[in-house]
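Undergrad: let's see this in three dimensions:
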Amino acid sequence: MGRLFGTDGARGVANKELTCEIAYKIGKATAMVLAEGAQNRPKILIGKDTRISSDMLEAALSAGLCSVGADVLILGVVPTPAVAYLVKTLGCNAGIMISASHNPAEYNGIKLFNHEGYKLPDSVEEEIESIVLDNAKQPPEIIGEKVGTVKRVEYAVDEYINHIIASIDGDLSGMKIALDCANGSASVTAEKLFKGLGAECIIINAQPDGVNINKDCGSTHLEQLQKTVVENGCEIGLAFDGDADRMLAVDSNGEQVDGDKIIAICAKHLKECNKLSNDTVVVTVMTNMGFHKFCNENGIKYETTKVGDRYVLENMKEYGHSIGGEQSGHIIFLDHASTGDGQLSGVQLLNVIKTSGKSIKELATIMTTYPQVLVNVRVSAEGKAAFGTDEVVQQAIRQAEADLNGDGRVLVRMSGTEPLIRVMLEGSDYALIEKLANDVANVIKERLS
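TA: Have a look, this model is predicted:
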């Protein structure tokens, strides 16, 4: 993880950690690095989510980009995957999404995409970091007619919606679904997309006010969606996060269907249709052990990466795999998208339900989920840096592994987006893994907070 960029872009409390000054510098550095060698004036695409601070950061980024001679195309509020798709179709040199994804409203972030719509590799982000933090490269002197311009192209988002609609052969007519837009980016696209496919939609949390994004709603808070599905007799509910790059589902009884199960359902369908490239799925170290068992039982191979959909994508691109993702609901369908896309995932899942004639509840039984306990511990910057070398903490982790005695696993890692250390235990004995998770978390809190 870099000094400025984490596992999913630069992120922090807006106007405190992620300031206008930093955004301005990131804009300049991004144009300098990603537009290097461009034959014409570089074009950079910018989208944003609904946070109150997104306008401020959009202005700062635009100023930085224009100051080094780049033209800026402003999309307005759109999902992150819309930026990834449109950067290529509009012929831009790079794309920028202003969003802190599932984080609370006071946070914001800056995600960067190259001209093909892929998130940047670590090496390129490090080059941008060196310009922003170390002045490693001086910006060109731009004056007069060479200064960049800003143009708004909000209606290009319709191209993105039509692209998702075209990702399935049929439609979703006859399906009654509930959609939780998290008061975020999906608020501007979900209704047009899912109604355009013929579904009857009940939509909640699609009234963003700048500060209610992800607040007790969306993929991190399923309670409202669960209630809505049950009370309205929907067959399924889909919950997106703030920038709509992830999705979780609930069945007709309001039971959660997480990313692992959604990936399993879609992978099995792709295999049955001879569309599962290499008969392989790419997942992360957080993926439930039950998913591995599902794969073994269905003749599906799996690759495992570090946490972060960027690492899933890198593996998929390198080896030509067609589907991969995370338990959290980041799912990549590489035949249709260059990044995780919650609404695309929703359409693909609903298509499996309709074509199979089975309910989501029935489909989800193909995988048994082993109990997991996740405890997040807020730590200081110094504590986060000392995590790997603190012997007391490492001994607590080793002790938990010994106490499991082979019946489960311990995974303790630093968050790539927040000042947290995540303690995850998995095993067949819930009471035991809960105790051990809290034991490890308490040691971390004492030593590193």
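
Undergrad: list the buried residues in the longest helix anywhere in the chain.
TA: Looking across the chain with DSSP state H, the single longest helix is helix 430-448. Applying a neighbour-count criterion of 16 or more other Cβ atoms under 10 Å, the buried positions in helix 430-448 are 432, 433, 436, 437, 439, 440, 441, 443, 444, 447, 448. Where C-beta positions appear, they are placed from N, C-alpha and C, glycine not excepted.

Undergrad: can you list contacts of it?
TA: Helix 430-448 has contacts (Cβ atoms under 8 Å, 6 or more residues apart in numbering) with 371-375, 377, 379-380, 382-384, 386-387, 390, 392-393, 396-397, 399-400, 403-404, 408, 410, 412, 421, 423-427.

Undergrad: check stretch 18-38 too.
TA: Contacts for stretch 18-38 (Cβ under 8 Å, 6+ apart): 4, 10-12, 42, 44, 56-57, 59-65, 67-70, 93-94, 96, 107-110, 112, 114-115, 124, 127-128, 131-132, 137, 139-140.

Undergrad: pull out the buried residues from these.
TA: For the contacts of stretch 18-38, a burial check counting by 16+ other Cβ under 10 Å picks out 4, 10-12, 42, 44, 56-57, 60-65, 67-70, 93-94, 96, 107-110, 112, 114-115, 124, 127-128, 131-132, 139.

Undergrad: show only the entries of those residues found in helices.
TA: 56-57, 60-65, 67, 124, 127-128, 131-132.

Undergrad: make a markdown table out of those and add pLDDT and distance to residue 197.
TA: A markdown table is the format used below for those (pLDDT from 0 to 100; distance: Cβ to Cβ, whole Å):
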| residue | pLDDT | distance to residue 197 |
| --- | --- | --- |
| 56 | 98 | 35 |
| 57 | 98 | 33 |
| 60 | 98 | 37 |
| 61 | 98 | 34 |
| 62 | 98 | 34 |
| 63 | 97 | 39 |
| 64 | 97 | 39 |
| 65 | 96 | 36 |
| 67 | 95 | 43 |
| 124 | 87 | 36 |
| 127 | 92 | 41 |
| 128 | 92 | 38 |
| 131 | 93 | 44 |
| 132 | 93 | 42 |
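
Undergrad: nearest to residue 308 among those residues?
TA: Residue 308 has its nearest neighbour among those in residue 124, at 15.5 Å by Cβ to Cβ.

Undergrad: ok, that closest one - contacts?
TA: Contacts of residue 124 (Cβ under 8 Å, 6+ apart): 33, 34, 114.

Undergrad: for those residues, give me TSV that also has pLDDT.
TA: Formatted as TSV, those follow (pLDDT from 0 to 100):
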residue	pLDDT
33	89
34	78
114	92
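
Undergrad: helix or strand: which one has the residue lying closest to residue 420 once chain neighbours are set aside?
TA: Leaving out its chain neighbours, the residue that sits closest to residue 420 by Cβ to Cβ, 6 or more residues apart in numbering is residue 376, at 4.7 Å. According to DSSP states H and E, residue 376 maps onto strand 372-378.

Undergrad: list the buried residues for that strand?
TA: For strand 372-378, by 16+ other Cβ under 10 Å, it's 372, 373, 375, 377.

Undergrad: pick out the most distant pair among those.
TA: 372 and 377 (16.3 Å).

Undergrad: out of the buried residues of strand 372-378, who's nearest residue 417?
TA: Of all the buried residues of strand 372-378, residue 377 has the smallest distance to residue 417: 15.0 Å, by Cβ to Cβ.

Undergrad: ok, residue 132 to residue 13 distance?
TA: 18 Å (Cβ to Cβ, to the nearest Å).

Undergrad: same check, this time on residue 82
TA: 25 Å.

Undergrad: between those two, which one's more packed in?
TA: Comparing residue 82 with residue 13 by other Cβ atoms under 10 Å, the one with more neighbours is residue 82, at 30 against 15.

Undergrad: wait, isn't that one in contact with residue 75?
TA: Yes: Residue 82 lies in contact with residue 75 (Cβ atoms under 8 Å); the separation is 7.0 Å.

Undergrad: intersection of neighbour lists for these two?
TA: 47, 157.

Undergrad: residues in contact with the residue nearest to residue 236 when sequence neighbours are not counted?
TA: Leaving aside its sequence neighbours, residue 236 sits nearest to residue 360 (Cβ to Cβ, 6+ apart; 4.9 Å). Under the criterion of Cβ under 8 Å, 6+ apart, the neighbours of residue 360 are 235, 236, 249, 251, 252, 257, 265, 349, 353.

Undergrad: who wins for neighbours among these?
TA: residue 249 (29 neighbours).

Undergrad: got the contact list for that residue?
TA: Here residue 249 is in contact with 236, 237, 238, 239, 256, 257, 262, 346, 349, 360 (criterion: Cβ under 8 Å, 6+ apart).

Undergrad: how near is the closest residue to it other than its chain neighbours to residue 352?
TA: Leaving out its chain neighbours, the residue that sits closest to residue 249 by Cβ to Cβ, 6+ apart is residue 257, at 4.2 Å. Per Cβ to Cβ, residue 257 is found 12 Å from residue 352.

Undergrad: swap in residue 33?
TA: From residue 33 to residue 352 the distance is 40 Å (Cβ to Cβ).

Undergrad: and for residue 372?
TA: From residue 372 to residue 352 the distance is 25 Å (Cβ to Cβ).

Undergrad: swap in residue 36?
TA: 43 Å.

Undergrad: these two: which is more packed in?
TA: residue 352 (20 against 11).

Undergrad: what residues of the one helix or strand the more buried one maps to count as buried?
TA: Assigned by DSSP H and E, residue 352 belongs to helix 342-356. Under the neighbour-count criterion of 16+ other Cβ under 10 Å, helix 342-356 has 342-354 buried.

Undergrad: picking that back up, save the buried residues of strand 372-378 as JSON lines, and put in distance to residue 152 too.
TA: JSON lines is the format used below for these (distance: Cβ to Cβ, whole Å):
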{"residue": "372", "distance to residue 152": "45"}
{"residue": "373", "distance to residue 152": "47"}
{"residue": "375", "distance to residue 152": "45"}
{"residue": "377", "distance to residue 152": "43"}
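
Undergrad: same list (those residues) but as TSV, adding distance to residue 29 and pLDDT.
TA: Formatted as TSV, the buried residues of strand 372-378 follow (distance: Cβ to Cβ, whole Å; pLDDT from 0 to 100):
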residue	distance to residue 29	pLDDT
372	39	89
373	41	93
375	37	94
377	33	94
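
Undergrad: tell me the two of the buried residues of helix 342-356 that are most distant?
TA: The most distant members of the buried residues of helix 342-356, if one measures by Cβ to Cβ, are 342 and 354, lying 18.7 Å apart.
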